[in-house]
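Enquirer: Got a sequence here, can you build the structure:
(one chain, ligands or ions: 4)
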Amino acid sequence: AKENGRNNYQLFQSAMNKKVTERLTLEHDLRKALERNEFVVYYQPQVNAATGEVFGLEALVRWQHPTRGMISPAEFIPLAEESGLIVPIGEWVLKTACQQVKRWQRVFPNLRAAVNLSARQFQSDNLVEIVAQALEEAELQAHCLDLEITESTTMHNVDRAIATMHDLKSLGIQISLDDFGTGYSSLSYLKHFPIHMLKIDRSFVRDITTDEDDAAIVASVIAMAHSLKLNVIAEGVETEEQLAYLMERRCDQMQGYLFSQPLPVEKCDELLHFINKT
Ligand code: C2E
Ligand code: CA
Ligand code: CA
Ligand code: CA
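Expert: Residues are numbered from 1 along each chain as shown. Ligands and ions are numbered 1, 2, ... in the order given. Okay, here's the model as predicted:
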């Protein structure tokens, strides 16, 4: 039994070492990835349900790793958060998305850009300057940019978060509250947040046609958003049935695989030309 215990321990040790080494290698690679130009921005259409038109594009970063292939943000964003690398990566995504949407605006003038802000970025001292600079360099009008923050980003220090949101708003940009419903922020804060859009989290949308509770939650979030004069967008819309339910509840904006997956620039360009009237 003793022998066995030792073997298990050694197995455990070597598995642990492997994990730690993998993580360190990934972090090392992540440090190099920006200068090596390995990040790619994909764009997911945000759709006006009534007209079917694409009104906005959410920038979603991917990592084209030289040996591991395409790595999803779910895998490297947490690591980038912990190491602080999310700050330069996020800045690059912001600049890239502003410039790309500006290009598309020559054909589709009302198109908006949506960019995710991590907690680290949101808490950094020069955030407002960085956003202002990205807009200026791209010559993108401020009102065409949505910055997406999550409830959990704001929970850390609510008063400071509200102040930061006001600073950002003073640039003329708009703020969306992402993954809405997954955090624990008090609803009473919501009316103090200078935001213009709620994004209903995918986890609630998924079961709206089968789970009465989720259906009720989504219906009340839509109603609440409207009574607070906020726009509301449903994430993760995958089926016609979900779409029908959401439209019946007057959710007017949608995002999800039913319309399109996140796409690389050329594919997104084709889709825009196919869908939107110029
Ligand atoms: P998110 O901001 O909530 O983005 C939505 C995620 O849901 C995206 O995953 C998108 O591909 C996926 N999605 C969209 N529609 C559907 C659908 O109909 N069904 C399903 N099953 N999934 C759908 P993705 O691109 O893997 O990104 C995951 C998360 O990584 C994002 O969640 C966001 O939190 C983070 N992320 C991505 N890009 C950035 C970035 O540039 N900066 C920061 N800070 N975070 C980012
Ligand atoms: Ca988002
Ligand atoms: Ca989201
Ligand atoms: Ca989500």
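Enquirer: which stretches of the stretch 151-278 of the chain form helices?
Expert: Counting by DSSP state H, counting those that start in this stretch, the stretch 151-278 of the chain has helices at residues 151-155, 158-169, 187-190, 202-205, 212-227, 240-248, 265-275.
Enquirer: could you give the mean pLDDT of the fifth one?
Expert: Going back to what we said before, that points to helix 212-227. Per-residue pLDDT over helix 212-227 has a mean of 93.
Enquirer: Stretch 52-66 vs ligand 1: in contact?
Expert: Yes: using C-beta under 6 Å from any ligand atom, we find that stretch 52-66 touches ligand 1 at 59, 60, 61. The C-beta positions use only the backbone N, C-alpha and C, and glycine is treated the same way.
Enquirer: Which of those residues ranks first by neighbour count?
Expert: residue 61 (24 neighbours; other C-beta atoms under 10 Å).
Enquirer: That one should be in a helix, yeah?
Expert: No: inclusion of residue 61 in a helix is not indicated when DSSP: H, G, I helix; E, B strand; the rest coil is applied; the result is strand.
Enquirer: Correct me if wrong: it contacts residue 86.
Expert: No: with contacts counted by C-beta atoms under 8 Å, residue 61 stays clear of residue 86, the gap being 9.9 Å.
Enquirer: Could you name every residue contacting both of these two?
Expert: Both residue 61 and residue 86 are contacted by residue 77, under the criterion C-beta atoms under 8 Å, 6 or more residues apart in numbering.
Enquirer: give me phi/psi at the most centrally placed residue in the chain?
Expert: In the chain, the C-alpha nearest the mean C-alpha coordinate belongs to residue 116, at 4.2 Å (C-alpha atoms, centre = their mean). Main-chain torsions, residue 116, degrees, to the nearest 10: phi -80, psi 140.
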